[in-house]
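A.B. asks: Starting from these lines, generate the structure:
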Amino acid sequence: MKKSRGRTGRKRRRKHLKSFMDGVNCSHKLEYIKLQKWLKERGFEGTNLRPAEFWGTGRGLMATKALQAGDLVISLPEKCLLTTGTVLSSCLGGYIVKWKPPVSPLLALCTFLIAEKHVGEKSPWKPYLDVLPKTYTCPACLDHDVINALPKPLKKKAQEQKMMIQELFSSSRAFFSSLQPLFAENTGTIFNYSALEWAWCTINTRTIYMKHPHRECFSLEPDVYALAPYLDLLNHSPNVQVKAAFNEQTRSYEIWTNSQCKKYQEVFICYGPHDNQRLLLEYGFVAMDNPHSSVYVSAETLLKYFSPLDKQRKAKVAILKDHNFLENLTFGWDGPSWRLLTALKVLSLGADEFACWRRTLLGDVTSASNEQQALDTAAKICHFLIEETQHVLLQISQLKKDKENLKTHLTLVEMLHSEDLKILQKSAEILCNLNLATA
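C.D. replies: Residues are numbered from 1 along each chain as shown. Sure, this is the predicted structure:
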């Protein structure tokens, strides 16, 4: 009998699997040793967290001891935070103060990151810059073919995000040129579009919210950014709760957990109750089994299921539009949303029921037949979206074979559609059970 089939072999396999699931410690890597040393010099007293690679989430922080609800996860001194104050105290400060019209706090931070990355070894922020991602998966960084594979609402927002960065780049060129005395190399080469895109994504995906008083040298846009080295290695989970704020007494940014975490497991924080489309747009990732996720139903899809011959159709659509019931219509893990069902009920009102539309908008039952028609139409829309999502997943699968260089980004979009499919299938099951209950 092989040894691996005995009790010892089973224990060994379980231990190996557990260590794989818990994460692989990365604190011995040179970039993290340098980062820890740099943080210590700035007053960071260490933590019960260590960098690790995790299956499913990638790089994150592992607990070296069990955490209980109410425990302090991390306390990062003000000296470790990168803010607009940091930028103004650098060699860029004088140029920012003189420049008119004033630059935004966001552009000031982007400029600082690009400049510090360019000077390399001379930068006092090098240990932090070395652990920042080299590339990002925000929609702004995605190829045209990948953006086209996104769900329609997200595709539009992705295009807007891309355009916003392009406009920021165009409007900032003169300011970048004004910094030429600081560099031997041409500023056009240093502050190029890809450098700005990288800096913008760094700030958009990694900053913590920290309000700063308005300074005259900046535009009126809110100054609410702070980059937090080491702390920003904490990944998001929709299933945890934390308290996070700058402590005026300790002059540190602190995170306290309201959840438990076992020793050697990944420590998570929550970026907010965001659905997967928002997570991908703002942070460049998708959360599996995200309880906040939903699938959006467009007004165009909704109206396909109602006859244009209905004499009151135009009036019904106008009512829904006036009361903002043609947006944020969704299917979720618990079935069709109340907003979606309400819109369907208004569109399903018979000629003799139309006078009751106000009551219907408030959630009153107009008739059993109206309720049933709304449920039947919801089921039809759900099945249509299931077929549409399955078709998109097949297209993405083919695209991954045709365009190997886009495989990583396409896999991310594939995950988004796969999560949508799970939600729609769950909604279809709920609607089927509701129809069986009312039959």
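A.B. asks: use CA for all of it now, contacts and neighbours both
C.D. replies: OK.
A.B. asks: Alpha carbons only: can I get the helix or strand where Thr86 lies in PDB?
C.D. replies: Thr86 is located in helix 84-88, with elements delineated by DSSP states H and E. Provided in PDB are the C-alpha atoms of helix 84-88 (Å, rounded to 0.1, in the frame of the first residue of the first chain):
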ATOM      1  CA  THR A  84      -1.000  66.900  -1.900                       C
ATOM      2  CA  GLY A  85       1.000  68.200   1.100                       C
ATOM      3  CA  THR A  86       3.800  65.800   0.200                       C
ATOM      4  CA  VAL A  87       3.700  67.200  -3.400                       C
ATOM      5  CA  LEU A  88       3.800  70.800  -2.300                       C
END
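A.B. asks: Could you list every helix and strand in contact with that helix?
C.D. replies: Contact here means 3 or more C-alpha pairs under 8 Å, 6 or more residues apart in numbering; DSSP states H and E; on that basis helix 84-88 packs against helix 93-98, helix 105-119.
A.B. asks: show me what contacts Glu419?
C.D. replies: Remark: with contacts taken as C-alpha atoms under 8 Å, 6 or more residues apart in numbering, Glu419 is in contact with 288-289.
A.B. asks: any chance of the helices and strands packed on helix 84-88 in JSON lines, plus mean neighbour count and mean pLDDT?
C.D. replies: Formatted as JSON lines, the helices and strands packed on helix 84-88 follow (neighbours: other C-alpha atoms under 10 Å; pLDDT from 0 to 100):
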{"stretch": "helix 93-98", "mean neighbour count": "15", "mean pLDDT": "97"}
{"stretch": "helix 105-119", "mean neighbour count": "20", "mean pLDDT": "98"}
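A.B. asks: Ok, which of the ones you listed comes nearest Lys155?
C.D. replies: Minimum separation from Lys155 across these (C-alpha to C-alpha) falls at helix 105-119, 24.0 Å.
A.B. asks: ok, residues contacting whichever helix or strand comes after the closest one?
C.D. replies: Proceeding C-terminally, helix 105-119 gives way to helix 126-129 as the next helix or strand, assigned by DSSP H and E. Under the criterion C-alpha under 8 Å, 6+ apart, residues 31, 34-35, 38, 116-117, 120, 229 lie in contact with helix 126-129.
A.B. asks: now do 7 Å
C.D. replies: With C-alpha atoms under 7 Å, 6 or more residues apart in numbering as the contact definition, helix 126-129 has outside contacts at 31, 34-35, 38, 117, 120, 229.
A.B. asks: same check, this time on stretch 206-213
C.D. replies: Where contact means C-alpha under 7 Å, 6+ apart, the residues beyond stretch 206-213 that reach it are 223-228, 232.
A.B. asks: Can I get the buried ones among the contacts of helix 126-129 as something I can paste into ChimeraX?
C.D. replies: Applied in ChimeraX, the following selects the buried portion of the contacts of helix 126-129 according to 16 or more other C-alpha atoms under 10 Å:
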select :31,34,35,38,117,229
